[in-house]
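Chemist: predicted model and sequence follow; I will ask about them next.
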Amino acid sequence: KQEVTQIPAALSVPEGENLVLNCSFTDSAIYNLQWFRQDPGKGLTSLLLIQSSQREQTSGRLNASLDKSSGRSTLYIAASQPGDSATYLCAVRGGTASKLTFGTGTRLQVTL
Amino acid sequence: AAGVIQSPRHLIKEKRETATLKCYPIPRHDTVYWYQQGPGQDPQFLISFYEKMQSDKGSIPDRFSAQQFSDYHSELNMSSLELGDSALYFCASESPLFEAFFGQGTRLTVV
């Protein structure tokens, strides 16, 4: 059974800092991995999708990497802003048309 | 761009009542997933449909049922509601690249 863990569970940083969120998964036989952002009580917004054959994806200030063999992904956020405050979830998909298995999330707070 | 639409956004029901949640996927997305998210928890997979057929089933109680209709919208039917069913219920549809897009969710409160 796939298990996904995210470290740290919570993180508070001052505005402008670069930061890294970590995601690890136990079964390396994944099809792809997605990073999501969730604001309190709201839906999940897809940030980045990395296919299993890719090493990284970038979107604006976000960069996600994937090391499938070691079961790890990182989300790098450059020059953090207070608007980045949210919970960040990684999720892995085992195969095509397979469900997503979510990590426990990292709650990020960016302070002024 | 069109997104996944869920209705209603909020729902308050009493114990033992029935609730129906609706999901309208992004056009041309033929796969729909339902997830349940309790307070402070990560989303838990309930059930999925591909081309109107159930494709996978997770930790969905027998009191719940779901289906996908010919126009690809999906409904989650929940009967004999319990206090523990109070949660955010998300629907997601999947692109041809197998990227999931989530709706804003339905917040169900059982009192």
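Modeler: The structure has been received and is ready for your questions. No experiment lies behind these values; they were computed from the predicted model shown.
Chemist: rest of the way, CA atoms for contacts and neighbours
Modeler: OK.
Chemist: how close does the nearest residue to A:D84 once chain neighbours are set aside get to B:Q104?
Modeler: Residue nearest to A:D84 in three dimensions, not counting chain neighbours: A:V110, with 6.7 Å by C-alpha to C-alpha, 6 or more residues apart in numbering or on different chains. Distance of A:V110 to B:Q104, computed by C-alpha to C-alpha, to the nearest Å: 24 Å.
Chemist: and whichever strand or helix holds the residue nearest to A:D84, what does it pack onto?
Modeler: Assessed by DSSP states H and E, A:V110 sits inside strand A:106-111. With contacts taken as 3 or more C-alpha pairs under 8 Å, 6 or more residues apart in numbering or on different chains; DSSP states H and E, strand A:106-111 sits against strand A:10-14, strand A:86-93.
Chemist: want to throw those strands into TSV with distance to chain B?
Modeler: Shown next, in TSV, are those (distance: least, C-alpha to the nearest C-alpha, whole Å):
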stretch	distance to chain B
strand A:10-14	12
strand A:86-93	8
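Chemist: tell me, what residue is most central in chain B?
Modeler: When C-alpha atoms, centre = their mean is applied to chain B, the residue found nearest the centroid is B:W34 (3.6 Å).
Chemist: quick revisit: would you mind giving the helices and strands packed on strand A:106-111 as CSV with mean neighbour count and mean pLDDT added?
Modeler: Listed next are the helices and strands packed on strand A:106-111 as CSV, based on neighbours: other C-alpha atoms under 10 Å in any protein chain shown; pLDDT from 0 to 100:
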stretch, mean neighbour count, mean pLDDT
strand A:10-14, 14, 96
strand A:86-93, 26, 97
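Chemist: make TSV out of those strands and add distance to A:L100.
Modeler: What follows is those, written out as TSV (distance: least, C-alpha to C-alpha, whole Å):
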stretch	distance to A:L100
strand A:10-14	22
strand A:86-93	5
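Chemist: and the residue of chain A closest to chain B?
Modeler: Nearest residue of chain A to chain B: A:G43, at 4.1 Å (C-alpha to the nearest C-alpha).
Chemist: separation between the residue lying closest to that residue once chain neighbours are set aside and B:C23?
Modeler: Nearest non-adjacent residue to A:G43, counting by C-alpha to C-alpha, 6+ apart: B:Q104, 4.1 Å away. Going from B:Q104 to B:C23 by C-alpha to C-alpha gives 10 Å.
Chemist: can you check A:A29 too?
Modeler: Distance, A:A29 to B:C23, by C-alpha to C-alpha: 30 Å.
Chemist: and the helix or strand harbouring B:A66, what's buried?
Modeler: With secondary structure defined by DSSP H and E, B:A66 is part of strand B:64-68. By neighbour count on 16 or more other C-alpha atoms under 10 Å in any protein chain shown, the buried set for strand B:64-68 is B:64, B:66-68.
Chemist: please enumerate the strands of chain A.
Modeler: A:4-7, A:10-14, A:19-25, A:32-38, A:44-51, A:56-59, A:62-67, A:72-77, A:86-93, A:100-102, A:106-111 (DSSP state E).
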